[in-house]
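Asker: Here is my input, please return the structure:
(2 chains)
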Amino acid sequence: MDLEKLLTDRLAPAFATVAGEPVDPVVRRSQRADFQSDAALALARQVGRPPRAVATEVLRHAELADLCSVVELSGPGFLNLTVADDALAGMVSALATSARLGVPVAAAPETVVVDYSAPNVAKEMHVGHLRSTVIGDAAARLLEWLGHRVLRANHLGDWGTPFGMLIEHLVDPGEPGAAQELSMGDLDSFYKAARAKFDVDEAFRERSRRRVVALQGGDEATLRLWRLLVEQSERYFLTVYDLLDVTLTERDFHGESSYNDLLGPVVEELDRLGLLRESAGAACVFPPGFVGRDGASLPLIVRKSDGGYGYPATDLAAIRHRTGTLGATRLLYVVGLPQRQHFEMVYAAAGQAGWLGPPARAEHVGFGSILGSDGRMLRSRAGGSVKLVGLLEEAIARATALARERNPELGEVEAAEVGRAVGIGAVKYADLSSDRNRDYVLDWERMLSLDGNTAPYLQYAYSRIRSIFRRAGVAAQPDAGISLAEPAERALAFELVGFAGVVGAVAVNLEFHHLAGYLYRLAATFSTFYERCPVLRADGPVRESRLVLCDLTARVLQQGLYLLGIRTPERM
RNA sequence: GCGCCCGUAGCUCAGCGGAUAGAGCAGGGGACUUCUAAUCCCAAGGCCGCAGGUUCGAAUCCUGCCGGGCGCACCA
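Answerer: Have a look, this model is predicted:
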């Protein structure tokens, strides 16, 4: 189904015959033909013969007659391949009857843990959580669709010293409104009020400290209050996930506290393995190869000098749990780039301890920051962090207004639905459509713009196709013959056939902008096709063929956007 | 000081060993008695940060600079 792979498989034996060993034919799309193979040039040096002679001989051995209508030698030694129309049409037909659009289920399914989102209890979610949540959810959707066992891990910040003050604030008799704030989901006010008291009130500070001790000591009354905080926060987070169309559920909350019982054993085991070293009163692991500012080895502080456990301990416990108990072989950490070094150290230490080794491996799926129009980290006017919900609501409001303006035929309910799908889709697509390693500038005009590489453009292409079938009251016949006489039809067929290859690559590198770029190319190619090739006005077999192309395009767009976590409204 | 990410059209970004470096936006010109113009078509726009090196071939790989961002011991 994957044309590039098919051509590669055909050319590889021919190259192997000429070279006397396996050679990657390096097949790629070409401007001069449909595909080109570049391997003859590199091989020429290796075998000490002119590139064109090598290419000619490869050509003699290659069996391409059924796939290609033209195969020619070009330039210094390129092989230009033109795919035969009937071969391409055959592949499109195969796609049309494929429920998975040509994408195979993973040959060797794995258990994959995707660690993402991770907001803090009793704190508002802000833009800083957006990228982790959006990218992580796309990873979970994609790998799940490919047949892997995906375990979503929402590593909530639900433990630590701040909980002393938060609990004290909750029960403070002078603060009858605190519980109210909490239940209303006004976490920002709640946290800030607690913080403010902590900063100025010595008595409150002392109570908070005692409360931390009680919490860590397992005091039942304190734990009950702590659970209240956690539950209220989780309830709130779920409403945000619902708004964002994120697949995280209550089952996926695995707070830091859930590893508490494992921290002691983890440290003990590190000690037993001889990996622990005391430094300035703290118990540390020194994974090799990491040096700090002063040139000395950098420690991973597993137990602090005050006896408390540091986050490296939690991260190590989580790894041990995930590989050992859950049987995961792929651990994804969708966390910002600044934390790269921390995770590399944790992975190294886990490797030393024997908790992380082949076939299991951990990958830091890092990402850059979201910037404001001033090119600096996005901040609210007051200089604080920007509330995620506020951002999403603004996106929905803008998109809803746009939908009403562009299509007055939409009723109130439908306009609201479209506005939500488009607004949320725009935010997520802006995040997923550029290289995640880079920072990106959040620009309302651009991401809600209806032209260019944006979610609305893709959604529009989809809804336009749906409207064809709605209007005509017909369905595509998957077994209809495919004819590709027009260049625009051929171009569309090539894009459709390329879906599997892109999905397969993204499953490995988790570079979702490749999938986004592919979908954009598909939608753009479709738009050209749609402009030049009448569908419903065509007759007989041509009409049937074009209906199949339309239907396939819609299905690929829908599936592709689904994998990115973006909805596809039937009308816009 | 060490390490990581990033410098490509005016702007936002693809491309990361192959032929003439691609899109979108903005700006210019065109196409609606519409299978949804939230669209399409055409033209214009580039010392790919700089300098070396490897290679038949470098935006792409290596080295060194320059510029921007971030991280480097008890907060996660």
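Asker: Only the buried residues of stretch A:243-253, if you could.
Answerer: Buried residues in stretch A:243-253, counted by 16 or more other Cβ atoms under 10 Å: A:244, A:245, A:246, A:247, A:248, A:252, A:253. From N, CA and C alone the C-beta is placed, and that goes for glycine too.
Asker: That stretch and RNA strand B, any residue contact?
Answerer: No. Judged by Cβ under 7 Å from any atom of the strand, stretch A:243-253 makes no contact with RNA strand B; its nearest approach is 14.1 Å.
Asker: Span of that stretch from start to end?
Answerer: One end of stretch A:243-253 sits 18 Å from the other (Cα to Cα, to the nearest Å).
Asker: same check, this time on stretch A:70-82
Answerer: Taking Cα to Cα, stretch A:70-82 runs 5 Å from one end to the other.
Asker: Backbone torsions only: list them for the nearest residue in space to residue A:125 that is not next to it in sequence.
Answerer: Computed as Cβ to Cβ, 6 or more residues apart in numbering, the closest residue to residue A:125 that is not its neighbour in sequence is residue A:388, at 4.3 Å. Main-chain dihedrals, residue A:388, degrees, to the nearest 10: phi -60, psi -40.
Asker: Contact partners for residue A:388?
Answerer: Contacts for residue A:388 (Cβ atoms under 8 Å, 6 or more residues apart in numbering) come out as A:124, A:125, A:126, A:127, A:129, A:130, A:240.
Asker: hey, which helix or strand in chain A has the poorest pLDDT?
Answerer: helix A:178-183 (a mean of 72; mean pLDDT, DSSP states H and E).
Asker: picking up where we left off before, of all the contacts of residue A:388, which comes closest to RNA strand B?
Answerer: Distances from RNA strand B to the contacts of residue A:388, taken as Cβ to the nearest atom of the strand, are shortest for residue A:129 (11.6 Å).
Asker: Count the neighbours of that closest one for me.
Answerer: Residue A:129 has 21 neighbours, counted by other Cβ atoms under 10 Å.
Asker: Next, it: secondary structure please.
Answerer: At residue A:129, secondary structure determined by DSSP: H, G, I helix; E, B strand; the rest coil is helix.
Asker: close to RNA strand B, is stretch A:511-519?
Answerer: Yes. Interface with RNA strand B: stretch A:511-519 contributes A:511, A:513, A:514, A:517 (Cβ under 7 Å from any atom of the strand).
Asker: and the closest residue to residue A:480 other than its chain neighbours, how many neighbours?
Answerer: Among residues not flanking residue A:480 along the chain, residue A:544 sits closest, at 3.8 Å (Cβ to Cβ, 6+ apart). Neighbours of residue A:544 under the rule other Cβ under 10 Å: 18.
Asker: what sits against residue A:544?
Answerer: When contacts are counted by Cβ under 8 Å, 6+ apart, residue A:544 touches A:476, A:477, A:480, A:481.
Asker: For residue A:442, give its distance to residue A:519.
Answerer: Taking Cβ to Cβ, to the nearest Å as the measure, residue A:442 falls 21 Å from residue A:519.
Asker: Which phi and psi values does residue A:515 adopt?
Answerer: Main-chain dihedrals, residue A:515, degrees, to the nearest 10: phi -70, psi -40.
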